[in-house]
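Student: just the structure for this:
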Amino acid sequence: RHCPKVCANNTGARHVRLPQSLLLSEGKKETNMNASVKESSAAAELQAILDNQRRAFRAEGPVALATRIDRIDRCIALLVDHKEAICDAVNNDFGCRSKYVTLMTDVMNSVGSLKFVKKNLKKWMKPEKRSPFIPMNFLGATARVHYQPKGVVGIMTPWNVPVNMIFSPLADVLGAGNRAMVKPSEYTPHTAAIMHSLFAQYFEESEITVVPGGPEVGAAFSALPLDHL
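Tutor: Residues are numbered from 1 along each chain as shown. Purely as a prediction, here's the structure:
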């Protein structure tokens with residue numbers, strides 16, 4: 001049980017000094033309220049992006065091989081054309097990251113993943129034969145598996161290899177014919193900012209969108225009704 005303390009100033013006026021526990025409680029409530037408002041705002045913006053991508057995905061229909069390769073090629077061009085700026089951004093986040101380390105672990109690995117998917121994509125897209133079930137196999141039936149994209153895929157990335165952790169899964173996402181929303185780690189804000197800027201130059205928002213932000217954005221992002229996360 002806490003009782004407010006009363007103190008007097010030089011003018012004789014009396015002030016109530018609230019207990020520290022009550023002040024902390026009120027401050028915590030205000031912080032939680034602000035976080036809730038930010039998360040609600042982020043959720044609305046992210047849902048609008050998701051709706052836009054999903055409409056575009058459905059309108060496009062079956063995603064052609066040429067379209068998938070074009071998106072992969074644009075990712076490769078993004079990395080190669082801006083490798084120096086990407087290295088600078090990663091160094092600004094880490095404070096001591098050699099550009100040669102970033103080129104090797106982030107840029108080269110990312111390009112390698114994208115080229116690997118591009119090389120095998122035509123083969124992966126072919127339907128695969130399966131043995132039909134009884135009694136259909138007695139009636140001359142054939143069965144095949146046709147691989148189809150899921151729709152809009154979310155990618156949440158860690159901070160330690162901030163570029164490759166975007167492009168390594170993105171290579172598979174694009175190869176499979178999906179669209180993507182990417183939430184980079186808030187612990188690498190410079191990298192997140194340059195990825196947001198570069199993807200906006202190379203892709204329509206309805207294809208790939210990078211959404212930087214703090215924990216409230218991450219919470220809203222992970223709660224989205226994505227087709228895959």
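Student: low-confidence regions, this structure specifically.
Tutor: Residue ranges of the chain with pLDDT under 70: 1-39.
Student: send me stretch 193-213 as CSV with only the CA atoms.
Tutor: What follows is stretch 193-213, C-alpha atoms only, in CSV (Å, rounded to 0.1, in the frame of the first residue of the first chain):
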residue,chain,number,x,y,z
ALA,A,193,17.1,1.5,-46.3
ILE,A,194,19.3,0.8,-49.4
MET,A,195,17.4,-2.4,-50.1
HIS,A,196,14.1,-0.5,-49.9
SER,A,197,15.4,2.1,-52.3
LEU,A,198,17.0,-0.3,-54.8
PHE,A,199,14.0,-2.7,-55.0
ALA,A,200,11.8,0.3,-55.6
GLN,A,201,14.0,1.2,-58.7
TYR,A,202,14.0,-2.3,-60.1
PHE,A,203,10.6,-3.7,-59.3
GLU,A,204,7.0,-2.6,-59.1
GLU,A,205,5.5,-2.6,-55.6
SER,A,206,3.2,-5.4,-56.8
GLU,A,207,6.2,-7.6,-57.5
ILE,A,208,8.6,-7.1,-54.6
THR,A,209,8.3,-4.7,-51.7
VAL,A,210,10.9,-4.1,-48.9
VAL,A,211,9.3,-2.8,-45.7
PRO,A,212,11.9,-1.4,-43.2
GLY,A,213,10.9,-0.6,-39.6
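Student: now do the host helix or strand of residue 69: everything it contacts.
Tutor: Secondary structure from DSSP states H and E places residue 69 in helix 65-81. If you take Cβ atoms under 8 Å, 6 or more residues apart in numbering as the criterion, helix 65-81 is touched by 60, 86, 107, 110-111, 114-115, 117-118, 121-122, 125, 163, 167, 170-171, 174-175, 177, 198-199, 201-203, 207-208. Using the backbone N, CA and C atoms, a C-beta is placed for each residue, glycine as well.
Student: after it comes which helix or strand?
Tutor: helix 83-94.
Student: of the contacts of helix 65-81, just the buried ones, PyMOL syntax please.
Tutor: Those of these that count as buried under 16 or more other Cβ atoms under 10 Å are selected in PyMOL with:
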select buried, resi 86+107+110+111+114+117+118+121+125+163+167+170+171+174+175+177+198+199+202+203+207+208
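Student: quick one on the thing from earlier: buried residues in the helix holding residue 69?
Tutor: Neighbour-count burial for helix 65-81, counted by 16+ other Cβ under 10 Å, picks out 68-69, 71-72, 74-76, 78-79.
Student: give me the secondary structure label for the residue nearest the centre of the chain.
Tutor: Nearest to the mean C-alpha position of the chain, by Cα atoms, centre = their mean, lies residue 182 at 1.8 Å. Recorded secondary structure, residue 182: strand (DSSP: H, G, I helix; E, B strand; the rest coil).
Student: quick check: it vs residue 119, distance?
Tutor: To residue 119, residue 182 is 23 Å away according to Cβ to Cβ, to the nearest Å.
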